[in-house]
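J.: Need a 3D model of the following:
(one chain, ligands or ions: 2)
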Amino acid sequence: MRGNVFIAGLGLIGGSLAKAVKKAHPQAHITGFDLRESELGLAEALNIIDEKAASFEAGAAAADLIMIAVPVLQTERMIEHLASLPLKEGVLITDTGSTKSRIMKRARVLEDRGIAFIGGHPMAGSHKSGVAASKELLFENAFYLLTPGGAAEEKHVAILKKWLEGTRAKILEVTAEQHDEITGVISHFPHIIAASLVHQARKFNRDNPLIERLAAGGFRDITRIASSNPEMWKDISLHNKDILLSLLSDWRDEMNDVLSILEREDEEGLYRYFDDAKTFRDSLPARSQGAIPAFYELYVDVPDYPGVISELTGYLAEERISITNIRIMETRDDVYGILVISFQNEKDRLRAKNCIEQKTTYDLFLA
Ligand SMILES: NC(=O)C1=CN([C@@H]2O[C@H](COP(=O)(O)OP(=O)(O)OC[C@H]3O[C@@H](n4cnc5c(N)ncnc54)[C@H](O)[C@@H]3O)[C@@H](O)[C@H]2O)C=CC1
Ligand SMILES: O=C(O)C(=O)Cc1ccc(O)cc1
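T.: Ligands and ions are numbered 1, 2, ... in the order given. Alright, predicted model coming up:
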C-alpha cells in the first residue's frame, strides 16, 4: 500500500512495527517521532523510518495512518492531543498499548470528531526496550488483538489489517473488556508475581547469599519477566488496576488454601494441587507465541573442556543459524555441564539440533 504512516514512539514496538510495515509496503512513507532524540536519530540512521517528523503535530497532520507506540499513560495523553489537531480526512489511528479499556474510553474524543480509532495490541515482545532491540518479525505467529472503536467501520479494520500484514501476526478482534481480563490473567498478573518472587529471594539473600548463586537456573527462567521495563509495567498496572486487584485477592485466597493444605500435611491435596496445574499447563499450546514469549531452547550435554562453546557456536555460524542467548546451567558439579542455547523460533531450534547431532556426539534434548 502507499500512504504516509506516522509512528509516534520509536522504541521496541514502534521500531518493530516500522520494519514490518516497510517490509510489506515498500512504497509507504514512514515518518517517526519520539520524545528522545537519541531513539529518533537511531531509527533514522538505521533506516527504520524514512524521515523524522518536524514535530508531533506535523507528522500527525500529514498521516494516513497514525500508530501510537508509547507507554499506556502517554497513549491517553497523545489521543487527547490528536483530537485537538487538524488531521487528514479519512485518517486511521491505532495504538499498541498493553491495556485497552482506558484507552478505548479516552479514544471517544476521536470518535466525537468522526475519526476512526482501532485499539491494537501485538501480544509479543520482550523484556528489552528501545529501538535498537526492534525486529521485523517480532510479532510473527503472535496474536495481535484489535478493539475497534465506535467510528471504526469494517472497511477501516480491513485497511489496518492490510497495513499490518508484514507482522505475520494472527489478528483477532475482541472487546476492550475481554482484552483486559485475558491479558490481566496471562500477562499483567504474572509480572507482579515474578517481581514478588524476586523480592522474596532478595530478602532471604541478605542472610544467605548462597541463594544468589543457586538461583541461576530455573529461578532465573521463571522470573525472567521481572527484568522488564519498570516504567512500562507501572503504567500497565495502573491501567488494569481493577482486574489486577481482583486477581490479587483470588491469589491471596489460593495461597491461603495452599497454606492450609501444607499445614495439615494433606498429601492427597498437595498431589492434586501440583497435578491439576501440570495437566492444564501441559495442555497449553507449546510453540505458538503467547503474551510472554516462549523459549526456544536446546540443551546440550557437553564435556567441560575449554573451547566447547566456541566449537558449538562455530558449527551454528557455519550454517548461519542465529542464537539469541547461550548459558551454562550451573547446577551440577560433575565433569559434564548443560549448555542451554536459545533461538528466535522453532525452525532455528530444529536446524540447530540437526546440525549439532551431525557434527558431534553430545546428547541433546529440547525443553
Ligand atoms: N515491550 C513489549 O514487550 C510490549 C509493549 N507493548 C506496548 O507498546 C507500547 C510501547 O512499548 P515499548 O516499545 O516496549 O516501549 P519502549 O520503551 O521501547 O518505547 C517507547 C518509546 O516511546 C517514547 N515516548 C514515551 N512517551 C512519549 C511521548 N509522549 N511522545 C513521544 N514519544 C514518547 C519513549 O521515548 C520510547 O522511545 C507500550 O504501550 C507497551 O505497553 C505491547 C506489546 C509488547
Ligand atoms: O517477555 C516479556 O517481558 C513479555 O511479557 C512481553 C510482552 C510485554 C507486554 C505485552 O503487552 C505483551 C508481551
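J.: Just give me the longest helix of this protein.
T.: Ranked by residue count, the top helix of the chain under DSSP state H comes out as helix 241-263.
J.: mean confidence for it?
T.: Helix 241-263 shows a mean pLDDT of 98.
J.: again with stretch 194-201
T.: 95.
J.: same deal with stretch 138-152?
T.: Mean predicted lDDT for stretch 138-152 stands at 93.
J.: In the protein, which residue is most central in space?
T.: Geometric centre of the chain, nearest residue: G125, 2.2 Å, by C-alpha atoms, centre = their mean.
J.: Please report how far V91 lies from A18.
T.: According to C-beta to C-beta, to the nearest Å, V91 and A18 sit 18 Å apart. Where you see a C-beta, it was placed from the backbone N, CA and C, and this is true even at glycine.
J.: between those two, which one's more packed in?
T.: Neighbours per residue (other C-beta atoms under 10 Å) separate V91 from A18, with A18 holding more: 28 against 21.
J.: The nearest residue to V174 once chain neighbours are set aside: neighbour count?
T.: Leaving aside its chain neighbours, V174 sits nearest to L145 (5.4 Å; criterion: C-beta to C-beta, 6 or more residues apart in numbering). Residues near L145, counting by other C-beta under 10 Å, number 23.
J.: Am I right that L145 falls within a strand?
T.: Yes: secondary structure assignment (DSSP: H, G, I helix; E, B strand; the rest coil) places L145 inside a strand.
J.: got a list of what it touches?
T.: Applying C-beta atoms under 8 Å, 6 or more residues apart in numbering, we find L145 in contact with K100, G120, H121, M123, I171, L172, E173, V174, H179.
J.: Pick out the most distant pair among these.
T.: Farthest-apart pair in the contacts of L145 is K100 and I171; separation 14.6 Å (C-beta to C-beta).
J.: So between the two, which is more surrounded?
T.: K100 (27 against 17).
J.: so where does the residue nearest to L73 when sequence neighbours are not counted fall, helix or strand?
T.: Among residues not flanking L73 along the chain, D235 sits closest, at 4.6 Å (C-beta to C-beta, 6+ apart). For D235, the host element (DSSP states H and E) is helix 230-239.
J.: what's the spacing between the residue of the stretch 101-250 of the chain found nearest ligand 1 and ligand 2?
T.: Relative to ligand 1, the nearest point of the stretch 101-250 of the chain is G125 (1.8 Å; C-beta to the nearest ligand atom). Using C-beta to the nearest ligand atom, to the nearest Å, G125 is found at 4 Å from ligand 2.
J.: In this structure that residue contacts S134, no?
T.: No: proximity of G125 to S134 does not meet the contact threshold set by C-beta atoms under 8 Å, at 10.3 Å.
J.: Pull up the overlap in contacts between the two.
T.: In contact with both G125 and S134: L12, I13, using C-beta under 8 Å, 6+ apart.
J.: So L138: helix, strand or coil?
T.: Classification of L138 using three-state DSSP returns coil.
J.: what sits against it?
T.: Listed by C-beta under 8 Å, 6+ apart, the contact set of L138 reads L12, I13, S16, A20, P122, A124, G125, S126, T167.
J.: tell me the domain boundaries of this structure?
T.: For the chain, the structural domains run 4-174, 179-282, 296-366, going by automatic domain parsing.
J.: do the shortest one and ligand 2 meet?
T.: Spelled out, it's domain 296-366. No: using C-beta under 6 Å from any ligand atom, domain 296-366 stays clear of ligand 2, coming no nearer than 12.1 Å.
J.: next one: stretch 137-155
T.: No: judged by C-beta under 6 Å from any ligand atom, stretch 137-155 stays clear of ligand 2, getting no closer than 8.3 Å.
J.: Just give the number of residues close to E57.
T.: The local packing of E57 (other C-beta under 10 Å) involves 16 other residues.
J.: And the one 3 residues further on, by the same measure?
T.: The local packing of A60 (other C-beta under 10 Å) involves 24 other residues.
J.: again with A201
T.: Other residues lying near A201 total 17 when counted by other C-beta under 10 Å.
J.: cool, E51 as well?
T.: Per other C-beta under 10 Å, the neighbour tally for E51 reads 12.
J.: ok, so what distance separates it from D64?
T.: From E51 over to D64 the distance is 15 Å, taken as C-beta to C-beta.
J.: Same question for K203.
T.: 53 Å.
J.: Those two: who's more crowded?
T.: D64 (20 against 10).
J.: Need the pLDDT of the residue lying closest to the more buried one once chain neighbours are set aside.
T.: Of all residues not flanking D64 in the chain, G3 sits nearest, at 3.8 Å (C-beta to C-beta, 6+ apart). G3 carries a pLDDT value of 97.
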